[in-house]
Every structure is written in structure tokens, then in C-alpha cells.
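Peer 1: Coordinates only, no sequence provided:
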């Protein structure tokens, strides 16, 4: 079975832990998703079609290619979320 995936999501999510440990920012689930969403909005999508399970073997290959942009986008997003956290607000779709 094939699937289409924005590969940049995997790259951002796999890089977040290393980057966020150097930034004093809340790492609750809501803040992590807000950081990832804001970072992904600043990065170009990288859609691929792959067989299920194949995607993880490709992360490291493309991660290095986009590393500087990903680090910059996650850091910028973390600073924004740190200044304006949403973890205490009611979700729009609740």
C-alpha cells in the first residue's frame, strides 16, 4: 500500500527534541504541536509517495539537506510559542 506524506513533518518532529532541549520552552503536548505547526508553515513541503514503513529510512538522508532551515524554523517557532503559549486556552475545535 502506498501513501503520500509531507516528509518535512517527519524531519521537524525528529529534530524537535534536540533543538528544544537548548531552549527554555514548555514541552507539553500542546506547545510541541504549536511549535511543529508554526515551523512547518515556514518550511517548504516535501511530499513523497512511499510504501508504508519506508519513510523512516529516508529521514536521515533528507534531514541533513534541510538541517539549517529546520533548526531555524523550529527555533523561531519555539520563541513565538514561549512568548504566547496556548496550553491554558480552550481549543477552537473542542
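Peer 2: Structure received. This is a predicted model, so every value here is computed, not measured.
Peer 1: So what's the residue count around residue 36?
Peer 2: Counted with other CB atoms under 10 Å, residues neighbouring residue 36 total 19. To be clear about C-beta, it is placed using only N, CA and C from the backbone, and glycine gets the same treatment.
Peer 1: repeat for the one 4 residues further on
Peer 2: A total of 20 residues lie near residue 40 under the criterion other CB under 10 Å.
Peer 1: That one belongs to a helix?
Peer 2: Yes - under DSSP: H, G, I helix; E, B strand; the rest coil, residue 40 falls within a helix.
Peer 1: That one is in contact with residue 9, isn't it?
Peer 2: Yes - checked against CB atoms under 8 Å, the pair residue 40 and residue 9 is within contact range at 6.4 Å.
Peer 1: The protein: helices as residue ranges?
Peer 2: Under the criterion DSSP state H, helices of the chain are mapped to 7-20, 29-42, 55-83.
Peer 1: Any chance of these in JSON lines with distance to residue 49 as columns?
Peer 2: Below are the helices of the chain laid out as JSON lines (distance: least, CB to CB, whole Å):
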{"stretch": "helix 7-20", "distance to residue 49": "10"}
{"stretch": "helix 29-42", "distance to residue 49": "19"}
{"stretch": "helix 55-83", "distance to residue 49": "10"}
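Peer 1: who wins for proximity to residue 1 among these?
Peer 2: Proximity to residue 1 (CB to CB) singles out helix 55-83 among those, at 12.7 Å.
Peer 1: I'd like the mean pLDDT over the closest one, please.
Peer 2: For helix 55-83, mean pLDDT rounds to 82.
Peer 1: and if you look at stretch 37-44?
Peer 2: Stretch 37-44 shows a mean pLDDT of 96.
Peer 1: Any buried residues in that stretch, and which?
Peer 2: 38, 39, 40, 43 (16 or more other CB atoms under 10 Å).
Peer 1: same thing with stretch 71-91?
Peer 2: Buried-residue list, stretch 71-91, by 16+ other CB under 10 Å: 73, 74, 75, 77, 78, 81.
Peer 1: Sweet, I'm off.
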